[in-house]
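In: pasting the structure only:
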């Protein structure tokens, strides 16, 4: 369908998945697989890493930074060294547990994984919304998304020129592909390389402005949250008229089979 639509409009057919996109796609899939189990460990490790960061700051400038315990007592240099070794051991153990999960041969994205990943991006979703998102791409109807389904979903959306391809999971994945440090925001620098490899120099500026709008400046410091990104990609979807009403891209996709 996408090739026919592109040919009839006189536009070139969208290129296949680029090497960089393929690399980032696999990274995001591995990140989302068993995310719920890994996220529990991420949360356990996070305060330890924050404490370690403060101790390292003390090591650099002991006159400016104080390390205290839970009672407010300032620790001695020996106590600080002991705590740092303990934190390193604990973090190494947590990292090994995460790696053990990631080493599983059978990898699938389950509803709980997607729900918690969206929550980390600041997007609240209901159980039904998550199930619908997975159902759109779940070819074997097992209630999960495997690697083959994940790849097929991305390829169909990349090649789609109609705006009718189910795109809920694609939007999540595309954002996470740009957000390489998993910080919950995408910057101009993070998006520019991938957009250039897909659209070339001629289409880069247009695509960047589609995403960042008026916030795109010469300083290159614009950033988008996931919600802002969703609003930007929604504007790109084609709109059609039905019964005198202008439909949004989401309504077009949802009602593709309606008369």
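Out: Looks like it came in fine. Note that this is a predicted model, so its numbers are computed, not measured.

In: where does residue 65 land in three-state SS?
Out: Per DSSP: H, G, I helix; E, B strand; the rest coil, the secondary structure class of residue 65 is coil.

In: tell me the contacts of it?
Out: Shown here is residue 65, whose contacts under the criterion Cβ atoms under 8 Å, 6 or more residues apart in numbering are 54, 57-58. Just so you know, the C-beta spots here come from the backbone N, C-alpha and C atoms, and that holds for glycine as well.

In: Show me those that map onto helices.
Out: In helices, judged by DSSP state H, the following of these are found: 54, 57-58.

In: Output the residues you listed as TSV; include the columns distance to residue 160.
Out: Formatted as TSV, these follow (distance: Cβ to Cβ, whole Å):
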residue	distance to residue 160
54	48
57	49
58	53
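
In: List buried residues within those.
Out: residue 58 (16 or more other Cβ atoms under 10 Å).

In: List just the nearest of the ones in helices among the contacts of residue 65 to residue 111.
Out: residue 54 (37.1 Å; Cβ to Cβ).

In: Isn't that closest one up against residue 67?
Out: Yes: under the criterion of Cβ atoms under 8 Å, residue 54 makes contact with residue 67 at 6.8 Å.

In: for the stretch 101-250 of the chain, what spans make up the strands?
Out: Ranges of strands within the stretch 101-250 of the chain are 185-187, 223-225, 241-242, 245-246, based on DSSP state E, counting those that start in this stretch.

In: worst average pLDDT in the ones you listed?
Out: Between the strands of the stretch 101-250 of the chain, the one with the least mean pLDDT is strand 241-242; it has a mean of 36.

In: Apart from its chain neighbours, what residue comes closest to residue 133?
Out: Taking Cβ to Cβ, 6 or more residues apart in numbering, and ignoring the residues beside it in sequence, residue 133 has residue 168 as its nearest neighbour in space, at 4.5 Å.

In: tally of neighbours for the one you found?
Out: Around residue 168 there are 20 other residues, counting by other Cβ atoms under 10 Å.

In: Find me the pLDDT at it, would you?
Out: On the pLDDT scale, residue 168 is placed at 91.

In: hang on, isn't it packed against residue 136?
Out: Yes: using Cβ under 8 Å, residue 168 is in contact with residue 136, at 6.3 Å.

In: For residue 27, give its distance to residue 227.
Out: In this structure, residue 27 and residue 227 are separated by 23 Å, where distance is defined by Cβ to Cβ, to the nearest Å.

In: Equivalent analysis for residue 165, please.
Out: Using Cβ to Cβ, one obtains 22 Å as the distance from residue 165 to residue 227.

In: which of those two has more neighbours?
Out: The neighbour count for residue 165 versus residue 227, taken as other Cβ under 10 Å, is higher for residue 165 (18 against 11).
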